[in-house]
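Asks: Return atomic coordinates for the entry below.
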Amino acid sequence: MSTVVYTAHDGVVTSIDGRPGDSIMETAVRNGVRGIVGECGGSLSCATCHVFVASETFELVGGPGDLEDEMLDGTAVDRQHNSRLSCQIKLQDGCEYHVTMPSEQV
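Replies: Residues are numbered from 1 along each chain as shown. Okay, the predicted model is just below:
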């Protein structure tokens, strides 16, 4: 298993055990985590799963690919150096991920 620690914009923290291979977005939506919409279901076409990735997690997952990088330019809240689309971050077994959601997604 993997663990994802989601911090909502208002500071509420939710920790969820996720399945390796699933995305951070899929794990959030499946478990009703506030702050991640995932309108497109992970097809990299909506940017409603924007998250800010904690530095230790960013080291693990790296930066966005070219298409994701373009999509991040269309987020509801301005992107930051640690922005990623959570649909593009796949969980690895035994890892812990920390992300913070922006104030809005749409």
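
Asks: show me where this protein has helices.
Replies: Along the chain, counting by DSSP state H, helices occupy 24-30, 55-61, 66-72.

Asks: Model confidence at the most centrally placed residue in the chain, what's the number?
Replies: Closest residue to the average C-alpha location of the chain: residue 86 at 2.6 Å, with Cα atoms, centre = their mean. For residue 86, the model assigns a pLDDT of 98.

Asks: my read: it touches residue 33, true?
Replies: No - using Cβ atoms under 8 Å, residue 86 is not in contact with residue 33; the gap is 9.9 Å. Yep, even glycine has a C-beta here, placed from its N, CA and C like the rest.

Asks: returning to what we had before: out of the helices of the chain, deepest packed?
Replies: The highest mean neighbour count among those, using mean count of other Cβ atoms under 10 Å, belongs to helix 24-30: a mean of 22.

Asks: any idea of the mean pLDDT for that helix?
Replies: Helix 24-30 shows a mean pLDDT of 98.

Asks: same deal with stretch 48-68?
Replies: Rounded mean pLDDT across stretch 48-68 is 97.

Asks: Now find how far off-centre that stretch is within its chain.
Replies: The gap between where stretch 48-68 is centred and where its chain is centred comes out at 7 Å by Cα atoms, centre = their mean, to the nearest Å.

Asks: Please list the residues outside that stretch that contact it.
Replies: Applying Cβ atoms under 8 Å, 6 or more residues apart in numbering, the external contacts of stretch 48-68 come out as 24-25, 28, 36-40, 42, 44, 69, 72, 75-77, 79-80, 82-89, 92, 95-102, 105-106.

Asks: Show the buried residues in those.
Replies: Buried members of these, scored by 16 or more other Cβ atoms under 10 Å, are 24-25, 28, 36-38, 40, 42, 72, 75, 79, 83-89, 97-102, 105.

Asks: Fine by me, thanks again.
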